[in-house]
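A.B. asks: missing the sequence, but the structure's below:
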């Protein structure tokens with residue numbers, strides 16, 4: 001009976017040209033979405049490369065200038081730009097602290113349209129730590145970018161709904177269900193077979209269009225390919241399971257369509273929005289403008305007490321105290337000493353910010369199991385390296401490197417040393433460390449658990465029916 005149903009369903013699909021239309025539609029959506037994602041990644045990498053090229057050019061010129069000055073040449077440079085002053089180097093020759101895209105970044109925009117991908121920490125000012133975001137179109141931020149994850153999470157369920165909402169009800173409305181009921185197969189198995197065949201074709205189409213997308217974008221990550229196909233297949237299986245439940249439990253085609261669209265609205269739109277809104281309400285985080293104002297006020301207060309701050313700083317850090325009693329303290333001595341005080345006074349505010357941010361993540365992680373859309377989306381965004389956690393990891397590394405950068409110049413400043421070519425060759429360099437991805441397999445298993453619950457509920461309701469005529473009629 002299964003072989004007969006399989007042949008009949010295939011003929012039916014090809015006769016109404018649904019398979020051809022679906023293949024072309026998904027191919028166009030996937031290619032266009034991947035093209036948008038690839039363009040964004042190319043722009044991101046080109047910006048980083050341009051910044052790095054500028055730094056390399058500046059380094060070459062600075063090193064040549066230092067070597068010329070060490071040879072005794074008089075270049076007539078102003079004290080404000082001479083590279084022999086270590087603080088000038090710390091400001092004008094800052095390193096590029098970049099977060100490069102990984103091989104699957106084209107798949108998901110994630111948070112990459114909000115956060116910047118490179119900064120240049122200097123010895124003057126640390127506002128960059130509070131300014132890691134960049135301005136984007138508010139309309140684009142509202143609706144999101146058209147990438148592969150958007151197609152999978154939002155559009156693919158709608159295609160499945162259109163493909164499967166009337167599997168059983170259409171036969172009932174045409175009057176052919178009575179004839180099917182006379183065959184040696186139960187109604188729920190017949191519906192399950194029809195949906196299984198359509199799911200199989202959908203998976204084959206997804207594999208086909210994904211191969212095309214990966215070839216067009218020259219993506220060679222086989223693991224990334226497998227993860228994407230697996231996530232899409234499990235996500236489609238969930239929506240086909242919902243379609244199976246609706247076809248068995250609900251009667252008419254219009255009611256089936258409204259029910260499935262209702263599930264789509266709740267699981268794809270309302271649940272993620274509600275979780276996000278509740279996290280903002282339960283664990284509020286001060287806006288960036290508030291943090292920036294706090295920094296400015298503390299710096300203004302520290303400026304008024306620079307002499308006292310410097311004395312206290314040298315008392316706490318005797319390694320920076322000069323043995324030369326005639327050494328005059330410049331602006332840089334006062335400024336660098338005041339940074340420790342500003343950091344200390346900002347610590348409670350920043351600690352509260354990080355604590356609430358961590359609690360938000362825990363809240364979302366705990367409730368993500370309510371929606372397969374969240375589980376699959378987080379799986380793909382994590383693999384793309386564009387999740388909120390990835391950018392927090394980058395922010396943490398950038399802050400750490402900024403401290404390392406300043407610490408390199410502090411001994412030179414307080415010991416009144418002249419910056420040389422050998423010092424320049426030993427400047428700290430930043431290397432981004434990609435975080436280890438976790439929770440991918442766990443989230444996939446979470447979707448499978450939801451599928452099991454849906455199918456279990458459906459069979460339970462079917463068994464409670466008095467007889468098969470309740471469905472047939």
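C.D. replies: Received it, and whenever you're ready, just let me know what you need. Everything quoted here is computed from the prediction, not taken from an experiment.
A.B. asks: Check the gap between residue 385 and residue 18 for me.
C.D. replies: 36 Å (CB to CB, to the nearest Å). (C-beta placed from N, C-alpha, C; glycine too.)
A.B. asks: More neighbours: which of those two?
C.D. replies: residue 385 (25 against 15; other CB atoms under 10 Å).
A.B. asks: Secondary structure class of the residue nearest to the more buried one when sequence neighbours are not counted, three-state.
C.D. replies: Ranked by CB to CB, 6 or more residues apart in numbering and with sequence neighbours excluded, the top spatial neighbour of residue 385 is residue 102, at 4.3 Å. Three-state call for residue 102 (DSSP: H, G, I helix; E, B strand; the rest coil): coil.
A.B. asks: neighbours around residue 102, how many?
C.D. replies: The burial count for residue 102: 17, using other CB under 10 Å.
A.B. asks: wait, what's in contact with it?
C.D. replies: Contact partners of residue 102, counting by CB atoms under 8 Å, 6 or more residues apart in numbering, are 384-385, 434.
A.B. asks: list the helices and strands the lengthiest helix in the chain packs on?
C.D. replies: For the chain, the helix with the greatest residue count under DSSP state H is helix 18-70. Judged by 3 or more CB pairs under 8 Å, 6 or more residues apart in numbering; DSSP states H and E, helix 18-70 is in contact with helix 86-92, strand 97-98, strand 118-119, helix 148-150, helix 156-164, helix 187-216, helix 421-425.
A.B. asks: Could you quantify the relative orientation of it and helix 156-164 as an angle?
C.D. replies: Counting by axes from the mean of the first three to the mean of the last three CA atoms, to 10 degrees, helix 18-70 lies at 170 degrees to helix 156-164.
A.B. asks: for helix 18-70, the distance to its chain's centre please.
C.D. replies: 17 Å (CA atoms, centre = their mean, to the nearest Å).
A.B. asks: for stretch 253-260, same thing?
C.D. replies: The answer for stretch 253-260 is 34 Å, by CA atoms, centre = their mean.
A.B. asks: That one: which residues count as buried?
C.D. replies: 253, 256-257, 259-260 (16 or more other CB atoms under 10 Å).
A.B. asks: and if you look at stretch 186-204?
C.D. replies: 187-188, 190-199, 201-202.
A.B. asks: My guess is residue 70 contacts residue 419. True?
C.D. replies: No. Using CB atoms under 8 Å, residue 70 makes no contact with residue 419, being 10.4 Å away.
A.B. asks: Neighbour count for the two, which is higher?
C.D. replies: residue 419 (22 against 13).
A.B. asks: still on that earlier bit, closest one to residue 237 out of the contacts of residue 102, please.
C.D. replies: Closest approach between the contacts of residue 102 and residue 237, by CB to CB: residue 384, at 22.0 Å.
A.B. asks: Quick one: neighbours of the residue lying closest to the closest one once chain neighbours are set aside, just the number.
C.D. replies: Of all residues not flanking residue 384 in the chain, residue 108 sits nearest, at 3.9 Å (CB to CB, 6+ apart). The tally of other residues near residue 108 (other CB under 10 Å) stands at 28.
A.B. asks: how much space between residue 108 and residue 272?
C.D. replies: Taking CB to CB, one finds residue 108 at 15 Å from residue 272.
A.B. asks: One more: residue 92?
C.D. replies: 45 Å.
A.B. asks: Which one's more surrounded, the two?
C.D. replies: When neighbours are counted by other CB under 10 Å, residue 272 comes out ahead of the other of residue 92 and residue 272, with 19 against 14.
A.B. asks: Quick check: the more buried one touching residue 372?
C.D. replies: No. Using CB under 8 Å, residue 272 makes no contact with residue 372, being 10.8 Å away.
A.B. asks: Contact partners for residue 156?
C.D. replies: 232, 235-236, 239.
A.B. asks: One more: residue 427?
C.D. replies: So residue 427 contacts 89, 93, 95, 408 (CB under 8 Å, 6+ apart).
A.B. asks: Quick check: of those, which lies closest to residue 363?
C.D. replies: residue 95 (36.0 Å).
A.B. asks: Determine the three-state secondary structure at the closest residue to residue 32 other than its chain neighbours.
C.D. replies: In space, residue 32 comes closest to residue 146 once its chain neighbours are excluded; the distance is 7.2 Å by CB to CB, 6+ apart. The three-state assignment at residue 146 reads coil, by three-state DSSP.
A.B. asks: so how far is residue 242 from the residue nearest to residue 384?
C.D. replies: For residue 108 relative to residue 242 (CB to CB), the value is 24 Å.
A.B. asks: Could you do residue 370 as well?
C.D. replies: For residue 370, the distance to residue 242 - CB to CB - is 15 Å.
A.B. asks: Just want to know which of those two has more residues nearby.
C.D. replies: With neighbours defined as other CB under 10 Å, residue 370 and residue 242 compare such that residue 242 has more, 26 against 17.
A.B. asks: per-residue pLDDT, that one?
C.D. replies: With respect to pLDDT, residue 242 scores 93.
A.B. asks: Low-confidence stretches in the stretch 1-150 of the chain?
C.D. replies: 1-6, 8-9, 14, 16, 125-144 (pLDDT under 70).
A.B. asks: In contact with the residue nearest to residue 256 when sequence neighbours are not counted, which residues are there?
C.D. replies: Distance criterion CB to CB, 6+ apart; nearest residue to residue 256, sequence neighbours excluded, is residue 165 at 4.5 Å. The contact partners of residue 165, taken as CB under 8 Å, 6+ apart, are 243, 246-247, 253, 256-257, 260.
A.B. asks: can you tell me how far residue 165 sits from residue 340?
C.D. replies: From residue 165 to residue 340 the distance is 65 Å (CB to CB).
A.B. asks: Repeat that for residue 105.
C.D. replies: In terms of CB to CB, residue 105 sits 38 Å off from residue 340.
A.B. asks: quick one: which of the two has more around it?
C.D. replies: Ranked by neighbour count (other CB under 10 Å), residue 105 and residue 340 place residue 105 first, with 23 against 15.
A.B. asks: got the contact list for that one?
C.D. replies: 37, 41, 44, 112, 384-386.
A.B. asks: change it to 6 Å
C.D. replies: Contacts for residue 105 (CB atoms under 6 Å, 6 or more residues apart in numbering) come out as 41, 384-385.
A.B. asks: Return the member of those residues nearest to residue 425.
C.D. replies: residue 385 (31.9 Å).
A.B. asks: What values do phi and psi take at that closest one?
C.D. replies: phi 70, psi 30 (degrees, to the nearest 10).
A.B. asks: repeat for residue 217
C.D. replies: According to degrees, to the nearest 10, residue 217 has phi -90, psi 0.
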